[in-house]
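Colleague: I need the structure of the sequence given here:
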Amino acid sequence: MADQIITTAASKMKKAEDALKRELGTIRAGRANASILTRVMVDYYGQPTPLNQVASITIPEPRVLMVTPFDKSALDDVEKGILESDVGITPANDGTALRLVVPQLTEERRKEIAKQVKATAEEGKVAVRNVRREAMDGLKKGHKAGDYTDDQLHNLEDQVQKETDKAIKGVDAITADKEKEVLTD
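Modeller: So this is what the prediction gives:
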């Protein structure tokens, strides 16, 4: 029972780290990164479809994303989907593909994005702490039910705290990498 609570908590904390990675991946850092297009939806034959299912996304140059639809007749729909998204880059249509040139960031904009990265990281830490709280509550219920002694409860709480510390370190490392990416040219 207690092992299952700790295993579940560790798994949820890992998922929180992965969610943070995905979220930070969508933040534009002045470089071409295909993940900034992950939320773009295209109206493909009347159905909202993720961009990566209707087009290939390549990076021919450090600041350029090339979006090539699998079906050439969908080029206008793909362009419209990108324009309607929150990407903030206007695509250049050459008739067969779309080129998105990622603009260079100003120092002020880099600092704003770094603040956004920190705020997103804090949300990740809160998610990890919520998982810790759930696990601790589960352990305390088991203790009240007589499943384990005071010493066992203390040891189990230490295990949960170790998992929490590990997850928080992971969040900090992910955040530091993204901040470095944002603040350097």
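
Colleague: from here on, contacts and neighbour counts on C-alpha atoms
Modeller: Will do.

Colleague: What strand or helix carries the residue nearest the centre of the chain?
Modeller: Geometric centre of the chain, nearest residue: Arg22, 1.8 Å, by C-alpha atoms, centre = their mean. Remark: Arg22 resides in helix 2-25, with elements defined by DSSP states H and E.

Colleague: Mind listing what's buried along that helix?
Modeller: Neighbour-count burial for helix 2-25, with 16 or more other C-alpha atoms under 10 Å as criterion, is recorded at 2, 5-6, 9-10, 12-18, 20-21, 23-25.

Colleague: again with stretch 119-132
Modeller: In terms of neighbour count (16+ other C-alpha under 10 Å), stretch 119-132 has its buried residues at Thr120, Ala121, Glu122, Gly124, Lys125, Ala127, Val128, Arg129, Val131, Arg132.

Colleague: now swap in stretch 130-141 and tell me
Modeller: Within stretch 130-141, the residues that count as buried by 16+ other C-alpha under 10 Å are Val131, Arg132, Ala135, Met136, Leu139, Lys140.

Colleague: What about the residues you listed, which are in helices?
Modeller: Val131, Arg132, Ala135, Met136, Leu139, Lys140 (DSSP state H).

Colleague: can you list those residues in CSV and add pLDDT and distance to Asp147?
Modeller: Converted to CSV, those look like this (pLDDT from 0 to 100; distance: C-alpha to C-alpha, whole Å):
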residue, pLDDT, distance to Asp147
Val131, 93, 21
Arg132, 94, 19
Ala135, 92, 15
Met136, 92, 14
Leu139, 90, 9
Lys140, 90, 10
